[in-house]
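Peer 1: just coords:
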């Protein structure tokens with residue numbers, strides 16, 4: 001044995017140290033290999049996937065519930081004899097509290113797509129921790145576990161009613177500050193299907209306002225099989241200022257976006273309001289009484305347009321949410337809000353309020369039907 005090596009007990013400690021360092025090196029190299037060598041900026045490159053034309057599935061994570069839609073083609077022609085089935089499920093208290101917390105700026109954290117290389121490397125520990133949990137079959141985070149519950153319930157409903165197990169699906173969500181694309185990706189992976197996104201999506205995520213527009217069929221190209229023809233047609237679509245108001249038992253949100261198609265919405269934070277203290281359930285015991293509650297609801301609906309006068313007034317209003325959307329008192333407040341913001345002489349914008357609980361899910365399924373891409377692992 002060389003004289004510079006320790007012997008006896010120190011030798012065993014020395015060997016253990018070397019083995020420990022070697023193990024740590026292997027783990028670091030393995031972890032590094034598992035991560036993409038290039039950081040994710042903007043939309044990832046597309047990956048070809050098989051085309052499941054017989055059915056298309058879309059999910060919607062709403063403020064207090066989940067919704068799903070399945071579009072089935074009746075024959076070999078993808079646009080013939082289409083039948084749409086919808087499903088809803090109430091969120092648990094944990095689900096609702098998670099959605100409420102994710103609506104806060106204070107819950108934000110780093111997540112892809114990154115703004116810089118520094119952000120990418122700073123987020124490595126979080127990403128590795130999430131992947132370690134996924135490797136043993138667990139949700140990648142507590143938030144993913146909470147939000148997955150409604151998707152699991154909807155998947156079971158679809159399987160029971162239609163005998164369908166979705167191979168992939170488009171997921172849309174309320175536009176929350178701390179809900180990220182890797183959360184939706186991990187929810188899909190945990191539940192057991194492939195997360196996909198519309199192949200014409202402008203932003204990393206399909207938010208509720210865009211999905212609802214697609215559900216109503218707004219500015220969708222007719223010949224979507226032909227990319228060039230679809231692009232040409234899309235250039236002829238009018239730019240619309242859409243005000244989406246979501247009202248449910250737990251939340252009131254409003255968002256105004258300028259868009260020429262459901263997948264190309266300029267939905268900036270300055271146009272959004274999210275208040276999980278103004279849901280329908282808060283009305284009965286609201287501090288200040290019913291009059292104050294209605295006043296605050298009205299203020300929240302048009303807050304951004306009052307604060308930022310440069311925001312153009314809406315051409316169209318889309319309503320989403322649960323049965324509270326059809327409450328007479330809420331609709332009266334909504335009308336008052338629109339009259340105030342539009343002025344005394346301008347006509348009020350048209351209000352679309354069909355299928356409020358499932359319209360975003362229907363839009364997600366329609367965009368799935370029109371072609372998707374698979375992002376690289378997030």
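Peer 2: Noted; the coordinates are in hand. Note that the structure is predicted; figures quoted are calculated from it, not measured.
Peer 1: Okay, now the unreliable bits of the stretch 101-250 of the chain?
Peer 2: By pLDDT under 70, the stretch 101-250 of the chain has no low-scoring segment.
Peer 1: mind redoing it with 90?
Peer 2: Residue ranges of the stretch 101-250 of the chain with pLDDT under 90: 113, 164-166, 198-205, 223-227, 231, 234-235.
Peer 1: Please enumerate the helices of it.
Peer 2: 117-122, 124-135, 142-162, 181-191, 208-215, 227-234 (DSSP state H, counting those that start in this stretch).
Peer 1: The ones you listed: which one's closest to residue 326?
Peer 2: helix 208-215 (16.1 Å; CB to CB). (C-beta placed from N, C-alpha, C; glycine too.)
Peer 1: Just the residues contacting that closest one, thanks.
Peer 2: Residues outside helix 208-215 that contact it (CB atoms under 8 Å, 6 or more residues apart in numbering): 58, 60, 62, 172-175, 219-220, 242, 244, 246, 255, 257, 259, 261-263, 265, 267, 318, 320, 355, 358-364, 366-367.
Peer 1: From the residues you listed, which land in strands?
Peer 2: 58, 60, 172-173, 242, 244, 246, 255, 257, 259, 261, 265, 318, 320 (DSSP state E).
Peer 1: can you list the residues you listed in a markdown table and add neighbour count and distance to residue 291?
Peer 2: Shown next, in a markdown table, are the ones in strands among the contacts of helix 208-215 (neighbours: other CB atoms under 10 Å; distance: CB to CB, whole Å):
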| residue | neighbour count | distance to residue 291 |
| --- | --- | --- |
| 58 | 30 | 39 |
| 60 | 34 | 33 |
| 172 | 30 | 35 |
| 173 | 27 | 33 |
| 242 | 26 | 30 |
| 244 | 29 | 26 |
| 246 | 27 | 23 |
| 255 | 24 | 26 |
| 257 | 23 | 31 |
| 259 | 21 | 35 |
| 261 | 22 | 41 |
| 265 | 24 | 35 |
| 318 | 27 | 27 |
| 320 | 30 | 26 |
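Peer 1: so which pair among the residues you listed is furthest apart in space?
Peer 2: 246 and 261 (20.7 Å).
Peer 1: Please identify the buried residues of stretch 355-368?
Peer 2: 355-368 (16 or more other CB atoms under 10 Å).
Peer 1: Reformat these as JSON lines; add pLDDT and distance to residue 108.
Peer 2: Output for the buried residues of stretch 355-368, formatted as JSON lines (pLDDT from 0 to 100; distance: CB to CB, whole Å):
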{"residue": "355", "pLDDT": "97", "distance to residue 108": "32"}
{"residue": "356", "pLDDT": "98", "distance to residue 108": "28"}
{"residue": "357", "pLDDT": "98", "distance to residue 108": "28"}
{"residue": "358", "pLDDT": "98", "distance to residue 108": "29"}
{"residue": "359", "pLDDT": "98", "distance to residue 108": "28"}
{"residue": "360", "pLDDT": "98", "distance to residue 108": "23"}
{"residue": "361", "pLDDT": "98", "distance to residue 108": "26"}
{"residue": "362", "pLDDT": "98", "distance to residue 108": "30"}
{"residue": "363", "pLDDT": "97", "distance to residue 108": "26"}
{"residue": "364", "pLDDT": "97", "distance to residue 108": "24"}
{"residue": "365", "pLDDT": "97", "distance to residue 108": "29"}
{"residue": "366", "pLDDT": "96", "distance to residue 108": "30"}
{"residue": "367", "pLDDT": "94", "distance to residue 108": "27"}
{"residue": "368", "pLDDT": "94", "distance to residue 108": "28"}
